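In: please find the sequence and the predicted model below.
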Amino acid sequence: VAVLNGGSHVSRLRAVGKVAKLSEALAATPTSGQLGIAHTRWATHGVPNERNAHPHISRDGVAIVHNGIIENHEELRDELEKLGYEFTSETDTEVIAHRIHYHLGESKNLFAAVQKTVAELRGAYSLAVMWGQDPDCIVLARAGCPALIGIGEKENFVASDIAGIANPLLWPSAHGRRPSATTAQTLLANRKLDSRFPCSFRFHQDRRPSRSHRLNENLRSVVASE
């Protein structure tokens, strides 16, 4: 799990094994924030150890989680190493993180950097990216792997599976209810989100109900632009 709490510092905590191991690590090292990404996948490339576990990070607080396989990751890794990037894992996902950071040097715009990066990728992927310099924004992109967006009341989500949004076991009892079709409008992004047009949206710090309206407007803009 990686978390931002309104500042530029990314707090990351990883563990090997069952999710309970991560829960224990979080209990020992509490962290909190208003924007975060997390993953429970194993390592597609390299052994399943902590350094190969998601989320992966690059310089200046770029953090990413990723499903799928990038077929040209070795070629991109070679280019990045020549540019001075150091790798701490054997994964294809870290390649994406560094590539996004590289493109941020050109525009300082996370959406534009992700858009340029996914245009260079060959393979299947679904990814969520955040950046410490833009701490209320997540960029989501997909090609060949599922991606979903859940619009809630005072909270919004992205996920790779409907269970990550609609499973009542994942919702704290403080909610008093599970999300309904109106409070968590799940958008199956099989067509709207792809490598030609990533989607970015903002999680505003004020947490006012109008935030969901703004998110709806952003999503309509994405569809209209396509």
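Out: Arrived safely, thanks for sending.

In: what's the separation between the residue nearest the centre of the chain and residue 137?
Out: Closest residue to the average C-alpha location of the chain: residue 128 at 2.1 Å, with C-alpha atoms, centre = their mean. Residue 128 is 11 Å from residue 137, where distance means C-beta to C-beta, to the nearest Å. Every residue, glycine included, has its C-beta placed from N, CA and C.

In: what residues do the two have in common as contacts?
Out: Common neighbours of residue 128 and residue 137, counting by C-beta atoms under 8 Å, 6 or more residues apart in numbering, are absent.

In: and residue 35, how many neighbours?
Out: A count of nearby residues for residue 35, using other C-beta atoms under 10 Å, gives 20.

In: quick one: contacts for the closest residue to it other than its chain neighbours?
Out: Leaving aside its sequence neighbours, residue 35 sits nearest to residue 4 (C-beta to C-beta, 6 or more residues apart in numbering; 4.5 Å). Residues in contact with residue 4, defined by C-beta under 8 Å, 6+ apart, are 10-11, 33-36, 61, 130, 132, 135.

In: again, only this time at 10 Å
Out: 10-11, 33-37, 61, 63, 130-132, 134-138, 203 (C-beta atoms under 10 Å, 6 or more residues apart in numbering).

In: give me the buried subset of those residues.
Out: By neighbour count, with 16 or more other C-beta atoms under 10 Å, those hold 10-11, 33, 35-37, 61, 63, 130-132, 134-138, 203 as buried.

In: where in the chain is pLDDT low?
Out: Within the chain, the stretches with pLDDT under 70 are 41-44, 167-226.

In: which parts of it are strands?
Out: 2-4, 11-12, 35-37, 56-57, 62-70, 123-131, 137-143, 148-151, 156-159, 185-188, 199-202 (DSSP state E).

In: got those strands as CSV, with distance to residue 25 columns?
Out: Shown next, in CSV, are the strands of the chain (distance: least, C-beta to C-beta, whole Å):
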stretch, distance to residue 25
strand 2-4, 13
strand 11-12, 11
strand 35-37, 15
strand 56-57, 17
strand 62-70, 17
strand 123-131, 20
strand 137-143, 23
strand 148-151, 26
strand 156-159, 22
strand 185-188, 30
strand 199-202, 29
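
In: among those strands, which is nearest residue 166?
Out: Closest approach to residue 166 among the strands of the chain is made by strand 185-188 (6.9 Å; C-beta to C-beta).

In: thanks again, I'm all set now.
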